[in-house]
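In: structure for this input, please:
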Amino acid sequence: MSMLNKKTIEDIEVVGKKVIARMDFNVPLDQEGKITDDKRIRGALPTIKYLIENKAKTILVSHLGRPKEGFEPEFSLKPVAERLSKLLGQEVIMAADVIGDDAFAKAEALKEGEVMLLENVRYHKEEMKNDPAFAEKLASLGEIFVNDAFGTAHRAHASTAGLANYLPAVCGFLIQKEMNFMGKALKNPERPFIAILGGAKVSDKIGVIDNLIEKVDTLIIGGGMAYTFLKAKGYKIGSSLCEEDKIPLAKEIMKKAEKDNVEIMLPIGSIVIKEFKNDTEYKYVPSDAMPDGWMGVDIGSLTIEKYSNAIRKAKTIIWNGPMGVFEFENFAKGTEEIAKAVSKADAISIIGGGDSAAAIELLGYADKVSHISTGGGAALEFLEGKILPGIDCLLDKVPKKKVIAGNWKMNKTPSETGDFIRELAEEVKDAKDIVVCGVPFVSLQTAIDAAAGTNIEIAAQNMHWEDNGAFTGEVSAPMLVDMGIKYVIIGHSERREYFAESSHTVNKKVHAAFNYGMVPIVCVGESLDQRELGVTEERVKFQIKIALNGLGEEQVKKMVIAYEPIWAIGTGKTATTEQANEVCGIIRKMVEKLYSREAARAIVIQYGGSVKPANATELFNMSDIDGGLVGGASLKVKDFAKIVNYND
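Out: Residues are numbered from 1 along each chain as shown. Next up, the predicted model:
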């Protein structure tokens, strides 16, 4: 879980610096434009006060609502500036725009300890597109980027992730708290560990169930999704909500739980109705005796007692989703009683945002649970084991890790891919470095699913630089990001040779990757003729200069460059460890010349020529080699695992 290893606001010097702080001030307003609930503003206070006390020049950024046509007064952040001024006891300077003249003038005049708020960042359509030009101009207002908006951390927008391409980026105290609570619960929970999942559909929680089933001791299921599981067990469920196409999945989940000795608890009985409204006839029926024409809308008293007894014994609890139709008063009892049980438990209790968080707060139990997540969608994706772009883009706290990536090329079917990654995950679960598998396009989704909840990242082997268009057979960055792909291999020697890939197209692809928060693995290297002519250094420097053209220093720090001695591929010739390290050193010096020593130290430089279990230790302990791009050896679980665990 690399997202737990991020620098915080306390790890960077902010005195006298202009700090752009992304907050989540998306608060509810009444018809008169007055704030009806300021919890999100209050949640940001610790970070803002720290910046004030440490004499930073603070520039706050947020969105509010969903404006469609540029500046719309009803979505202005002025009410937030007024409320925040009262809470801080000092004026919050309100800018009239986001990247306009007023914003730049006020940012320039900002003094130490002062705070200003930009207008609604979503007045610009470029924000949600993570437009690089917009992100760069926004970044030019400051010197440091602090992200403290957990509620939008699952979005790769300009103000949540794009800014990190141009500024040193750290998290604030709110995101730190979210990561500490949820991260520890998933990585090292006190046991018994119980997850309570509710809500309408199994499909909404598939990723969460898949990720948690191997971690929890007990999985409690309620809400509409319970009836899909009950039908999978052969029960009649009347007209209750059921996803027929998810019944095989429910059976598979229950089978896996039984195999892993995880208890799945389903409702013993339900409160059922005929008409979907609050004021209607209702009654209690056992789960195995639901009459036709009736639908389940809440868990019954016996189920409440059963669930509450299990919760009482827990030491770690994660709850996401209501137990019934909570919005109807007559059918809210199940959710209310589970909220009460969680609040009384002697356990670390984490409420995963959304309706369950609303229930806890409405019932007055907010101060009786350990943590209520501020992000519904973000919390859900974190529990699924997904990468959150707004956190992943932040600086790592510990020294950089090596990146050991397997390039499978055109090998392995989707079914073979799933089996391979599941087996590999067990072999490399204690790896200290970053493990990546670059699989064929048709296997990407299978790989993502198999790697969920493990320490294995998935890479695509190529992509186009355009977002969409008439490019038959190509895939784009938005497509890959939507699947959850983080890494992409660009400019591999085989693509340069067989598909006319040039250094200029490589550069376009690198920019496209960064635009969507991906990490490019850029391949460079020289041919046998170039090696024998003695122009290795000139050739590699040229490729590096073109590939990095137009990139900012913060982007370069996050990328990976793989040196491939093309002359050693399929020729019977082999690069010595010293030769490999020499060229990797040339690349590092070139990066220092183009950018800075700091960038040269931060960038990951791999060796990509015949990395095997026998030479991995020697290669990876060289001064300028930060990992490997592994070919054939990455296709065998045992061999690749030995390379990953090279120091064992």
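
In: state the pLDDT value of the nearest residue to Glu501 once chain neighbours are set aside.
Out: Using CB to CB, 6 or more residues apart in numbering and skipping residues adjacent in sequence, the residue nearest Glu501 is Arg495, 4.2 Å away. Where C-beta positions appear, they are placed from N, C-alpha and C, glycine not excepted. pLDDT for Arg495: 90.

In: now Arg495: which helix or strand?
Out: Per DSSP states H and E: Arg495 is located in helix 493-498.

In: buried ones in that helix?
Out: Buried residues in helix 493-498, defined by neighbour count with 16 or more other CB atoms under 10 Å: Ser493, Glu494, Arg495, Arg496.

In: what of stretch 4-21?
Out: Of all the residues in stretch 4-21, those buried under the rule 16+ other CB under 10 Å are Lys6, Lys7, Thr8, Ile9, Ile12, Val14, Lys17, Lys18, Val19, Ile20, Ala21.

In: tabulate those residues in CSV, adding columns for pLDDT and distance to Ala359.
Out: As requested, these are exported to CSV (pLDDT from 0 to 100; distance: CB to CB, whole Å):
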residue, pLDDT, distance to Ala359
Lys6, 90, 30
Lys7, 92, 35
Thr8, 95, 31
Ile9, 96, 32
Ile12, 94, 38
Val14, 97, 38
Lys17, 97, 41
Lys18, 98, 41
Val19, 98, 36
Ile20, 98, 35
Ala21, 98, 30
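
In: how many residues are close by Lys255?
Out: 10 (other CB atoms under 10 Å).

In: ok but it is inside a strand, no?
Out: No: using DSSP: H, G, I helix; E, B strand; the rest coil, the assignment for Lys255 is helix, not a strand.

In: how much space between it and Leu219?
Out: 13 Å (CB to CB, to the nearest Å).

In: mind listing the strands for the stretch 351-500 of the chain?
Out: Chain-ordered strands for the stretch 351-500 of the chain, with DSSP state E, counting those that start in this stretch as the definition, fall at 371-372, 403-407, 434-438, 456-460, 487-490.

In: and of those, who's closest to Ala614?
Out: Proximity to Ala614 (CB to CB) singles out strand 403-407 among the strands of the stretch 351-500 of the chain, at 15.3 Å.

In: what mean pLDDT does the closest one have?
Out: 97.

In: mind giving me the packing neighbours of it?
Out: strand 434-438, strand 487-490, strand 560-563, strand 604-607, strand 627-630, helix 637-644 (3 or more CB pairs under 8 Å, 6 or more residues apart in numbering; DSSP states H and E).

In: can you tell me which of the ones you listed is packed in deepest?
Out: Most buried of the helices and strands packed on strand 403-407, by mean neighbour count (mean count of other CB atoms under 10 Å): strand 627-630, with a mean of 29.

In: give the buried residues for the one helix or strand in the chain whose mean pLDDT sits lowest.
Out: Least confident helix or strand of the chain, by mean pLDDT, DSSP states H and E, is helix 528-532 with a mean of 81. Of the residues in helix 528-532, Gln530, Arg531 count as buried by neighbour count, 16+ other CB under 10 Å.

In: run the chain-centre distance for it.
Out: 43 Å (CA atoms, centre = their mean, to the nearest Å).

In: cool, and stretch 535-543?
Out: Distance, stretch centre to chain centre, for stretch 535-543: 36 Å (CA atoms, centre = their mean).

In: need the contact partners of it.
Out: Gly491, Ser503, Val506, Val524, Gly525, Glu526, Gln530, Tyr563, Val583, Ile586, Ile587, Met590 (CB atoms under 8 Å, 6 or more residues apart in numbering).

In: Asp131 contacts Ala158, doesn't it?
Out: Yes: using CB atoms under 8 Å, Asp131 is in contact with Ala158, at 6.1 Å.

In: who has more neighbours out of those two?
Out: Between Asp131 and Ala158, counting by other CB under 10 Å, Ala158 is the more crowded of the two (27 against 18).

In: now do the SS call for that one.
Out: Recorded secondary structure, Ala158: coil (three-state DSSP).

In: quick one: the helices in the stretch 451-600 of the chain?
Out: Counting by DSSP state H, counting those that start in this stretch, the segments of the stretch 451-600 of the chain that form helices are 477-483, 493-498, 503-515, 528-532, 536-547, 553-558, 577-594, 597-602.

In: quick one: which of the ones you listed is nearest Lys39?
Out: Evaluated over the helices of the stretch 451-600 of the chain, closeness to Lys39 peaks at helix 477-483, with 30.3 Å, by CB to CB.

In: got the buried residues for stretch 189-201?
Out: Using 16+ other CB under 10 Å as the test for burial, stretch 189-201 gives Pro189, Pro192, Phe193, Ile194, Ala195, Ile196, Leu197, Gly198, Gly199, Ala200, Lys201.

In: whoops, stretch 614-634 was the one
Out: Within stretch 614-634, the residues scored as buried using 16+ other CB under 10 Å are 615-616, 619-620, 622, 624-634.

In: got the domain boundaries for this protein?
Out: By the assignment in automatic domain parsing, the chain contains the domains 2-175, 191-346, 399-644.

In: on that earlier part again, of the buried residues of stretch 614-634, which is the nearest to Ser270?
Out: The closest of those, once distances to Ser270 are taken by CB to CB, is Ser634, at 50.1 Å.

In: could you look up the SS state of Pro267?
Out: coil.

In: so what's it up against?
Out: Applying CB under 8 Å, 6+ apart, the residues contacting Pro267 are Ile221, Gly222, Ala226, Leu230, Ser287, Gly296, Ile299, Gly300, Thr303.

In: what's the most distant pair in those?
Out: By the measure CB to CB, Ile221 and Gly300 form the most distant pair in the contacts of Pro267, at 14.4 Å.

In: quick one, which of these two is more surrounded?
Out: When neighbours are counted by other CB under 10 Å, Ile221 comes out ahead of the other of Ile221 and Gly300, with 28 against 23.

In: can you check the pLDDT for the more buried one?
Out: For Ile221, the model assigns a pLDDT of 96.

In: likewise Ile387?
Out: 82.

In: what residues are up against the closest residue to it other than its chain neighbours?
Out: Of all residues not flanking Ile387 in the chain, Lys486 sits nearest, at 5.7 Å (CB to CB, 6+ apart). Lys486 makes contact with Ile387, Asp392, Glu457, Ile458, Ala459, Met518, Val519, according to CB under 8 Å, 6+ apart.

In: what about Lys486, distance to Ala81?
Out: From Lys486 to Ala81 the distance is 36 Å (CB to CB).

In: try Lys429
Out: If you measure Lys429 against Ala81 using CB to CB, the figure is 48 Å.

In: same thing with Ile48?
Out: Distance from Ile48 to Ala81, by CB to CB: 12 Å.

In: comparing those two, which residue is more hemmed in?
Out: Comparing Ile48 with Ala81 by other CB under 10 Å, the one with more neighbours is Ile48, at 24 against 21.

In: I'd assumed Met116 was in contact with the more buried one.
Out: No: Ile48 is not in contact with Met116 according to CB under 8 Å; the separation is 11.4 Å.

In: which pLDDT does the model give Thr574?
Out: 68.

In: ugh, wrong one, I meant Ala103
Out: We have a pLDDT of 98 for Ala103.

In: now Ile569
Out: According to the prediction, Ile569 has pLDDT 64.

In: kind regards, and thank you for your time.
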